[in-house]
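Engineer: everything below, folded, please.
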Amino acid sequence: MWDLGEFFPRTAASGRIDFLRFEAGLHRQTAKEFLYSRLRRRTGRTHGPMKPTSAPAQCTRLLSLFQNLHEVGVRRLQDVETGHLETLVTRWETQGPHAVVSKVNLLKHLSGHGPFLTGDRLAIVPWPHRSAKQVAKLTTRRENSTPRIGQPAGASGTEYAAVGAAWSAVSVG
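Structural biologist: As a prediction, the model looks like this:
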């Protein structure tokens, strides 16, 4: 059990991570090494070390991932194949696209920290060159998708500015 309470704000419920929830052996060792690595090291170029306040939730997600892998017939991370990952994504899609993004990101982090895991690690890179949002088929709206309010026909730029300034004066005053 790790107690990260010293790093949590006073309002946080608990900073304890109970590794006894994991199967004894490789899963427990992998969970400890993964969380330690996430707290200390970057994942790739874009993700910095994990904040201690995120560790309990990450631990819960990792436990869920191990259970999901067991359901599709995988006992060790090194035995994971692309087909298993696609099966998992199909199952996770029932929970919504954001759940898929969260779990795919966890797999990508697990792969990124593989060199620091001694007992078990992913032998493949999950969905190389694809983001978690692409895997989840989550589309994002384009930035600034609201149509622009045009200038009234026949009004010059100075007239339009004068009307805007008058409207501001009336609404403020």
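Engineer: over to Ala123. Which of the three states is it?
Structural biologist: Reduced to three states with DSSP: H, G, I helix; E, B strand; the rest coil, the structure at Ala123 is coil.
Engineer: need the contact list for it.
Structural biologist: Taking CB atoms under 8 Å, 6 or more residues apart in numbering as the definition of contact, the neighbours of Ala123 are Leu77, Gln78, Asp79, Val80. (Glycine included, C-beta is placed from N, CA and C.)
Engineer: next up, the contacts around the residue nearest in space to the middle of the chain.
Structural biologist: When the chain is reduced to its mean C-alpha position, the nearest residue by CA atoms, centre = their mean turns out to be Ser102, at 4.2 Å. Taking CB under 8 Å, 6+ apart as the contact definition, Ser102 lies against Arg61, Ala132.
Engineer: low-confidence regions, the protein specifically.
Structural biologist: Scanning the chain for pLDDT under 70 picks out the ranges 3, 5, 7-14, 46, 141-173.
Engineer: tell me where it has helices.
Structural biologist: Per DSSP state H, the chain carries helices over the ranges 26-40, 55-71, 82-92, 97-112, 132-135, 157-172.
Engineer: can you add distance to Thr118 and give those helices back as a markdown table?
Structural biologist: Converted to a markdown table, those look like this (distance: least, CB to CB, whole Å):
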| stretch | distance to Thr118 |
| --- | --- |
| helix 26-40 | 6 |
| helix 55-71 | 16 |
| helix 82-92 | 22 |
| helix 97-112 | 14 |
| helix 132-135 | 26 |
| helix 157-172 | 65 |
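Engineer: out of those, nearest to Leu20?
Structural biologist: Distances from Leu20 to each of the helices of the chain were compared using CB to CB; the shortest belongs to helix 26-40, at 7.9 Å.
Engineer: packing partners for that closest one?
Structural biologist: Packed against helix 26-40, as judged by 3 or more CB pairs under 8 Å, 6 or more residues apart in numbering; DSSP states H and E, are the following elements: helix 55-71, helix 97-112.
Engineer: would TSV of these with distance to Phe22 be doable?
Structural biologist: Supplementary listing: the helices and strands packed on helix 26-40 in TSV, determined by distance: least, CB to CB, whole Å:
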stretch	distance to Phe22
helix 55-71	6
helix 97-112	14
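Engineer: give me whichever of those helices is most buried.
Structural biologist: Across those, averaging neighbours per residue (mean count of other CB atoms under 10 Å) puts helix 97-112 on top, at a mean of 19.
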